[in-house]
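1. Following is a predicted model, sequence given first.
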Amino acid sequence: MTTPIDELPLVEAGGLLFIGDPHLGSIKPGRRKDVDFGATVLGAVAQAIAVANARRLVPVFLGDIFDRPHEEDERLKTRLTRILAGCWTTPVTNTGNHDKANDMLEDCDSLALLAAGGTISVVRTSGPVCVYRIGELRVGLGATPYGQAIPTDVRDAFPEVDTVVWITHHDVALEGAYPGALEPHPIEGCAIVVNGHMHLRKPLVTCGSTVWFNTGNITQTAVDALDHVPTVFELTADCEIVPHVLDLPTGTDAFDLTGLQVAPAKPASPGEPVLRTVVEAAPTSAFVELLKSQDTLEMGRSGDGSLLREAIVARFEADGTLPEVRAAILGLWARASEQIGSAARN
């Protein structure tokens, strides 16, 4: 069971506003069209804060405020600080895997700087966070950062609350089990778990008396999010979840699909494109160029591309990809990684 905190802060609010991972960074993901990707992400955060201010909601970020633990662009951090400081109350954020270089958030991480400045309250360890009075409802908010164990019983974690909401940042099997994913489970005393980390919205899953909800990011970073509509979600005094769609580019307005969008093999509706996999649509050289464009964003995190490979394998497991397709893609990855490594050494 979760250890209770005797004196949690009590905040009067109109509701909570759950905000999926922003992934703020100065490096644009390879297929994004933005002239200034950082400005796009800041715009999404600013819109979310505007919704919170207009409705007196507490912004609750689900993690991955930054795309890299140490963001070098001081202007981005200053602009983000200014946006967060304009909120009517101090926003809360979970700690995501992209927010920290090591197992725990440290002073070398950019998110720690925001916390030290008082513009955002950062959850560093799993447990109760705050109690909110929303109308006549007393809501306990708890959180579990990435890499920490999600509790199974929180009945004694909050003093005299009507309901409990828990935020997480985990890989959760909300559309069926797959290797490495956490199976959603009942949490005694918790009504809803709101999860970040997974970039796309997922169907609600009910386990006992606990509902699991994955909101999806407010920033689309890869073409698998082509149809994802960035949305923040309000928890009302009636315990309803109300969506607020953000005004951001989506689909082909957000991504350059060169090499992915090809002529259909069979007639389709007028103007309807057919999408194929990268292996079908692009030769090795195009695959290498794609990786080069994301070199410092993805491969630079591990130095050898291992994180990118892990992401590819995770997608295989999630999609049930055929072994021959896995072999083809990983072969391209290996050759591309070798070419990029050779170019870096020369």
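-> In hand now; what should we look at?
2. need the strands for the stretch 1-150 of the chain, in chain order.
-> 10-13, 15-19, 57-61, 92-93, 121-122, 127-134, 137-144 (DSSP state E, counting those that start in this stretch).
3. To residue 216, which of the ones you listed lies closest?
-> When these are compared by C-beta to C-beta, strand 15-19 sits nearest residue 216, at 10.6 Å. For the C-beta atoms, the positions are set from N, CA and C on the backbone; glycine is no exception.
4. before we move on, back to that, rebuild the strands of the stretch 1-150 of the chain as a markdown table, extending it with mean pLDDT, distance to residue 38 and mean neighbour count.
-> Converted to a markdown table, the strands of the stretch 1-150 of the chain look like this (pLDDT from 0 to 100; distance: least, C-beta to C-beta, whole Å; neighbours: other C-beta atoms under 10 Å):
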| stretch | mean pLDDT | distance to residue 38 | mean neighbour count |
| --- | --- | --- | --- |
| strand 10-13 | 94 | 29 | 15 |
| strand 15-19 | 98 | 17 | 26 |
| strand 57-61 | 98 | 17 | 28 |
| strand 92-93 | 98 | 18 | 26 |
| strand 121-122 | 98 | 21 | 20 |
| strand 127-134 | 96 | 28 | 21 |
| strand 137-144 | 97 | 26 | 23 |
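5. Return the set of buried residues in stretch 205-219.
-> 205, 210-219 (16 or more other C-beta atoms under 10 Å).
6. Show me which of these is closest to residue 60.
-> Checking these against residue 60 with C-beta to C-beta, the nearest one is residue 215 at 10.3 Å.
7. quick one: the closest one from residue 14, how far?
-> Separation of residue 215 from residue 14 (C-beta to C-beta, to the nearest Å) stands at 19 Å.
8. cool, residue 32 as well?
-> For residue 32, the distance to residue 14 equals 34 Å [C-beta to C-beta].
9. Out of the strands of the stretch 1-150 of the chain, the one nearest residue 43 is which?
-> For the strands of the stretch 1-150 of the chain, the distance to residue 43 is smallest for strand 15-19, at 13.3 Å, taking C-beta to C-beta.
10. Before we move on, what's the pLDDT of residue 264?
-> What the model reports as pLDDT for residue 264 is 38.
11. for residue 258, that is, sorry about that
-> At residue 258, the model reports a pLDDT of 81.
12. Distance check, it against residue 130.
-> Per C-beta to C-beta, residue 258 is found 46 Å from residue 130.
13. again, but for residue 325
-> Applying C-beta to C-beta, the value for residue 325 to residue 130 is 46 Å.
14. Then residue 37?
-> 32 Å.
15. CA-only coordinates of stretch 201-220 in CSV, if you can.
-> This file holds the C-alpha atoms of stretch 201-220, laid out as CSV (Å, rounded to 0.1, in the frame of the first residue of the first chain):
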residue,chain,number,x,y,z
ARG,A,201,-4.7,7.9,-27.5
LYS,A,202,-5.9,4.5,-26.4
PRO,A,203,-9.3,3.0,-25.6
LEU,A,204,-10.4,3.1,-22.0
VAL,A,205,-9.8,-0.1,-20.1
THR,A,206,-11.6,-1.0,-16.9
CYS,A,207,-9.9,-3.2,-14.3
GLY,A,208,-12.1,-3.8,-11.3
SER,A,209,-13.1,-0.3,-10.1
THR,A,210,-10.2,1.4,-11.8
VAL,A,211,-10.4,2.9,-15.3
TRP,A,212,-7.1,3.3,-17.3
PHE,A,213,-6.9,6.1,-19.8
ASN,A,214,-4.1,7.1,-22.2
THR,A,215,-4.5,10.6,-23.6
GLY,A,216,-1.8,10.6,-26.2
ASN,A,217,0.7,13.4,-26.7
ILE,A,218,0.0,17.0,-27.4
THR,A,219,2.9,16.9,-29.8
GLN,A,220,3.1,14.5,-32.8
